[in-house]
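In: turn this into a model:
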Amino acid sequence: MKKLVLLATALAMVSGSALAADMPVKAVKAPPPPAFDPWDVAFGSAIMNDYIFRGVTQSNHKPSVAAYFEPRYNVTKDVQLYIGVSGESISFPNRAAGELDIYGGIRPTFGMFAFDFGLWGYIYPGGKCFNAFAFPGSGIPGSETGCLVSPFGNSDPVTLGLPINGNFAKRDASFFEAYAKVNVTINDQWQVGANEYYSPNFLNLGAWGDYASLTAKWTAPSTTFGTSGVGMYVSGEFGRQWLGTSDRFYGTQIVGQIYRFGIPEPSYNTWNIGVGFTYKVFTLDLRYSDTNLSKGACNAFTSDYTASQASAANVSLINPGGFGSNWCGAAGIAKLSADLTAMTNLK
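Out: Numbering: from 1, shown residues only. Reported below is the predicted structural model:
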C-alpha cells in the first residue's frame, strides 16, 4: 500500500509539471513608443573673418558675426515647416546698421531627395541716401531730403554722392527672394544639390535678380580621426547671378549718356571650395571664394564706398568714373560656427 501511494504521488507531480509546461506564458507588454514631438528649435551663431555673399563681401573684407533662431514644426517625419530670423554685421555703402533676415518655408523629403521651398527677406535698417540728383520731386526712385548735399543731406558736396568716388547708394537696400533647393544624398559620403533664388528687385536696385547654383559635398568616414569625435568634409559650389537693369537712381547721370535712366547690372559667375572640420556642435570652415567680375564692373554693381583708385582700364558705360572695387575678387574665409537643436542638444 505504501508503494502504491508513493507511485501515485510521483505520477501526480510529473503530470502537474507537464501540464504547467504546456500552459501559455503571458507575454510581457512592450513599453509604448516615445510620443512624437513635432516641435523643435534650431539656433546658433558664427564668427568669420569675412562675410561673403555669392562671391561679394558684405563686410568690406572685415570680420563679421552672425546668429540665427529657427523654430520648426514636423508635420510628419518627412515634412517640416519652419520660420526663422538671423542677423549679420555688415559694412554697406549706405552705412546700414546691419543685416536682419526673416525667412520661412517647407522642407519635404522623399527618400534620398530633400527639398526646401520658401521666402527670404533681407532687411538693412539704418541706411542713408547718397545721390544729390535724387532730390524730392525729381521722380527718381528712392528720392528724399536725405539724398541732398551736406549739410542738408548726406551727399558729398564735391562728388554729389559718396565721398571719394561719387558712387550712389539708396537709403534702403532691403529686398526679398523666393527660393527652391534640393539636396540629394547618394550615400553616407556623397551629397549633391541645386539651388534657385529669384528676386523682382535685387538689393532694391530696381533690377530683377536670379541666382542658380550647383553644390557637392564629400563627408569623410567617421573613423578618419579615430575615436576623437572630429569629422571632416570637403564642399564646393558653382553659381551664376543674373541681373536686370537698375532704376534711374543708379543711372550714370551724364548728359546724353545712354544709361542715365538706369544701368544693366553686370551678371557674373561665382564659385567657392573649402574644407570643414566638425566636433560636437562646432564647425570650422575654411573656404576660397571668387567671381569673374572685373574691378570696374564690381564697382558699378556694389557702389563700393572704399573704391579710391581710378583707372582707364576700369572705364565703361556703366562705370564712367573708372573706379575699381576689390569687393568681388578672390577671398579666403575662415568661419567658426556653433549649431544646436533643442530636441538633440538641450535634453
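
In: name whatever forms a beta bridge with the residue nearest the centre of the chain.
Out: Geometric centre of the chain, nearest residue: residue 53, 8.2 Å, by CA atoms, centre = their mean. Here residue 53 sits in beta bridges with residue 56, going by DSSP bridges.

In: before we move on, what about residue 218?
Out: Where residue 218 sits in a bridge, its partners, by DSSP bridges, are residue 190, residue 234.

In: now the strands: where do they sit in the stretch 201-347 of the chain?
Out: In the stretch 201-347 of the chain, the segments counted as strands under DSSP state E, counting those that start in this stretch are 209-219, 230-243, 268-279, 282-291, 331-341.

In: residue 57 is nearest to which of these?
Out: For residue 57, the closest of the strands of the stretch 201-347 of the chain is strand 331-341, at 6.5 Å, according to CB to CB. (Each C-beta comes from the backbone N, C-alpha and C, glycine too.)

In: can you tell me the average pLDDT over that closest one?
Out: Taken as a whole, strand 331-341 has a mean pLDDT of 98.

In: and for stretch 205-212?
Out: 98.

In: how about stretch 140-152?
Out: The model assigns stretch 140-152 a mean pLDDT of 97.

In: distance from that stretch to the middle of the chain?
Out: 33 Å (CA atoms, centre = their mean, to the nearest Å).

In: using CSV, write down the CA coordinates of it.
Out: The C-alpha coordinates for stretch 140-152 follow below in CSV (Å, rounded to 0.1, in the frame of the first residue of the first chain):
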residue,chain,number,x,y,z
ILE,A,140,13.9,109.3,-59.2
PRO,A,141,13.1,106.1,-57.1
GLY,A,142,14.5,106.5,-53.6
SER,A,143,14.3,110.3,-53.6
GLU,A,144,14.2,112.0,-50.2
THR,A,145,15.7,115.0,-48.4
GLY,A,146,18.5,112.8,-47.0
CYS,A,147,19.8,112.5,-50.6
LEU,A,148,20.7,116.2,-50.7
VAL,A,149,24.1,117.6,-50.5
SER,A,150,25.5,118.1,-46.9
PRO,A,151,24.7,119.9,-44.6
PHE,A,152,21.1,119.5,-45.8
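
In: who touches it?
Out: 128-137, 153-157, 160, 170-172, 204, 206, 247-249 (CB atoms under 8 Å, 6 or more residues apart in numbering).

In: separate out the buried members of those residues.
Out: 128-135, 153-156, 160, 170-172, 204, 206, 247-249 (16 or more other CB atoms under 10 Å).

In: contacting residues around stretch 273-288?
Out: The contact list for stretch 273-288, computed with CB under 8 Å, 6+ apart, reads 44, 228-237, 272, 330-340, 345.

In: whoops, stretch 337-344 was the one
Out: 37, 40-47, 281-283, 285, 346.

In: pull out the buried residues from it.
Out: Neighbour-count burial for stretch 337-344 flags residue 337 (criterion: 16+ other CB under 10 Å).

In: for stretch 183-190, same thing?
Out: Buried residues in stretch 183-190 (16+ other CB under 10 Å): 183, 185.

In: mind checking how far it is from the chain centre?
Out: Going by CA atoms, centre = their mean, where stretch 183-190 is centred and where its chain is centred differ by 20 Å.

In: repeat for stretch 248-265
Out: Worked out by CA atoms, centre = their mean, stretch 248-265 lies 32 Å from the chain centre.

In: give the rounded mean pLDDT of it.
Out: On average, stretch 248-265 scores 88.

In: need the residues that contact the helix or strand containing residue 86.
Out: Residue 86 is part of strand 79-88 when elements are defined by DSSP states H and E. By CB under 8 Å, 6+ apart, the list of residues contacting strand 79-88 from outside reads 42, 51, 58, 64-75, 98-109, 118.

In: could you redo the last one with a cut-off of 6 Å?
Out: Residues from elsewhere that reach strand 79-88 (CB atoms under 6 Å, 6 or more residues apart in numbering): 51, 64, 66-70, 72-74, 99-104, 106-108.

In: are any of these buried, and if so which?
Out: 51, 64, 66, 68, 70, 72, 74, 99-101, 103, 107.

In: great, nothing more from me.
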